[in-house]
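Q: Sequence plus the predicted model coming up.
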Amino acid sequence: MGEPMDTDIYNLWGLLMGASLLFISTVAAYRSYYYLRYSKLPLSRRIARLTLISSVFSMLGCVGVMVDSLTERKLWWTMAIFFPLAYFSLLSAIFFLLRLLRNQIYSTASKKSAPSVEPPEKGENPLPAGGFTISVSDLSRIAPLCRLATTTLYVGRDHTAKGCERFDGRIWVTRIDAPGSVDPAKLHVLQSEIMNFISGKRGALVIVDGIEHFLLYNDFRSVMKFLSTLKDYMVMNGSTLVVVIDEEALEKTQLSILRRELPPLNVEKALSKADVALFGVISKKEFTEGTDGEKAKREGKKNDQPKG
C-alpha cells in the first residue's frame with residue numbers, strides 16, 4: 001500500500017484556479033495580439049501592447065500556480081514576480097487612458113462656453129489640414145488615414161485608384177474625352193472639379209497621383225500655382241491634400257521647391273494625432289453627457305421637492 005498523497009503537494013483548488021486564469025489570460029493575449037497586429041493607430045497599438053504584456057505575465061504566473069499545486073516544487077516566487085508585473089502592465093494602460101481623458105476634460109471644462117460636441121463626421125478634423133507630399137513607395141501606408149476622412153477623392157493618371165481601399169470620387173487625368181476625366185493641360189478645370197467635390201465637406205482627403213504627368217503638358221511654375229492654390233483651399237476647408245511624387249522623375253530643384261511648399265507627410269505622426277483627436281471627441285462627448293445627466297438629476301430632485 002502506498003502512502004497517501006500529501007494535501008500540501010496536490011492542491012486541487014489551486015490547480016483549478018490556475019487553469020481557469022491561464023485560459024482567461026491566453027484568450028486575452030490572443031485578442032491583444034490580434035489588435036496589435038492589425039491596428040494602425042499608435043494609441044490603439046500602445047494599449048494593445050501593454051495588455052499583451054500583462055496577459056503574458058499572467059500566463060507565466062498561472063503556470064507557476066499549477067506546477068506548485070501538482071508537484072513538491074515551491075514556485076511561490078513565480079507568482080510573487082509575474083502577477084505584480086501583470087497588474088503593473090495593465091494599470092499602465094489604464095492610467096494612460098485616464099491621463100488622456102483628464103486632459104480632454106480639463107481642456108473642455110476650461111472653456112467659458114458650455115461644451116458642445118459634434119459627431120466625428122461633422123466635427124473637428126482628425127487629419128492634418130493642408131498639403132503634403134508622399135513618395136510612391138509609401139502611398140500604401142496612408143490607408144488608415146483614408147478611414148478617418150469624411151470623404152475621399154482620387155486624382156491620377158492611372159484608371160485604378162491607389163492609396164485607399166475605396167474612394168468616394170475619382171478623376172481620371174487623361175486627354176481622352178471620357179466620363180469623369182479631365183485634360184491634364186487644363187489645370188484650372190481640374191482645380192474647379194476638386195474644389196467643387198470637397199466644398200462643404202470638412203475632413204476630406206484628396207490624393208493627387210502622377211504629378212510628373214502634369215509636367216508633360218504644363219510648366220513647373222503653373223503646376224506649383226495649381227498645387228499651392230489647392231493647399232490654401234484645403235487649409236481653409238479643413239481638409240487634406242496628399243501629392244504622390246516620384247523622386248526619380250523630378251529634378252532636384254523641382255523636388256526641393258515642391259517639398260518646401262508641400263512638406264513630406266509623416267504618416268506615424270498624423271496617425272498619432274488623429275488617434276488622440278478621436279479619443280478627445282469621445283471623451284468630450286462622455287463628459288458632456290455626464291454633466292448633462294447630473295444637471296438633469298439635480299433639476300429632477302428640485303422638482304420632486306414639495307413646495308412650501
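A: Now that the structure is in, tell me what you want to look at.
Q: From Phe132, how far out is Trp77?
A: 53 Å (CB to CB, to the nearest Å). From N, CA and C alone the C-beta is placed, and that goes for glycine too.
Q: Can you pick out the residue with more neighbours from the two?
A: Legend: neighbour count by other CB atoms under 10 Å for Trp77 and Phe132, higher for Phe132 (20 against 10).
Q: That one contacts Glu261, doesn't it?
A: No: contact status for Phe132 versus Glu261: not in contact, 10.1 Å apart, counting by CB atoms under 8 Å.
Q: As a check, name the ranges of all strands in the stretch 1-150 of the chain.
A: Read by DSSP state E, counting those that start in this stretch, the stretch 1-150 of the chain holds these strands, from start to end of the chain: 130-135.
Q: how about low-confidence regions in it?
A: By pLDDT under 70, the weakly predicted segments of the stretch 1-150 of the chain are 1-10, 40-42, 100-125.
Q: If you tally nearby residues, what's the number for Gln231?
A: Actually, residue 231 is Lys rather than Gln. A count of neighbours around Lys231, defined by other CB under 10 Å, yields 19.
Q: Run a quick check on it versus Ala129, I expect a contact.
A: No: look at Lys231 against Ala129 with CB under 8 Å: they stay out of range, at 9.6 Å.
Q: Are we agreed that Arg170 is in a strand?
A: Yes: remark: Arg170 belongs to a strand, assigned using DSSP: H, G, I helix; E, B strand; the rest coil.
Q: Pull the contacting residues for the nearest residue to it once chain neighbours are set aside.
A: With CB to CB, 6 or more residues apart in numbering as the measure, Tyr154 is the residue that lies nearest to Arg170, at 4.9 Å, once sequence neighbours are left out. The neighbours of Tyr154, taking CB atoms under 8 Å, 6 or more residues apart in numbering as the test, are 161-164, 167, 169-171, 207, 209.
Q: got those residues as JSON lines, with pLDDT and distance to Arg49 columns?
A: Written out in JSON lines, the entries for the contacts of Tyr154 read as follows (pLDDT from 0 to 100; distance: CB to CB, whole Å):
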{"residue": "Ala161", "pLDDT": "75", "distance to Arg49": "33"}
{"residue": "Lys162", "pLDDT": "81", "distance to Arg49": "30"}
{"residue": "Gly163", "pLDDT": "84", "distance to Arg49": "27"}
{"residue": "Cys164", "pLDDT": "85", "distance to Arg49": "27"}
{"residue": "Phe167", "pLDDT": "89", "distance to Arg49": "32"}
{"residue": "Gly169", "pLDDT": "90", "distance to Arg49": "37"}
{"residue": "Arg170", "pLDDT": "91", "distance to Arg49": "37"}
{"residue": "Ile171", "pLDDT": "91", "distance to Arg49": "40"}
{"residue": "Ile207", "pLDDT": "92", "distance to Arg49": "30"}
{"residue": "Asp209", "pLDDT": "90", "distance to Arg49": "34"}
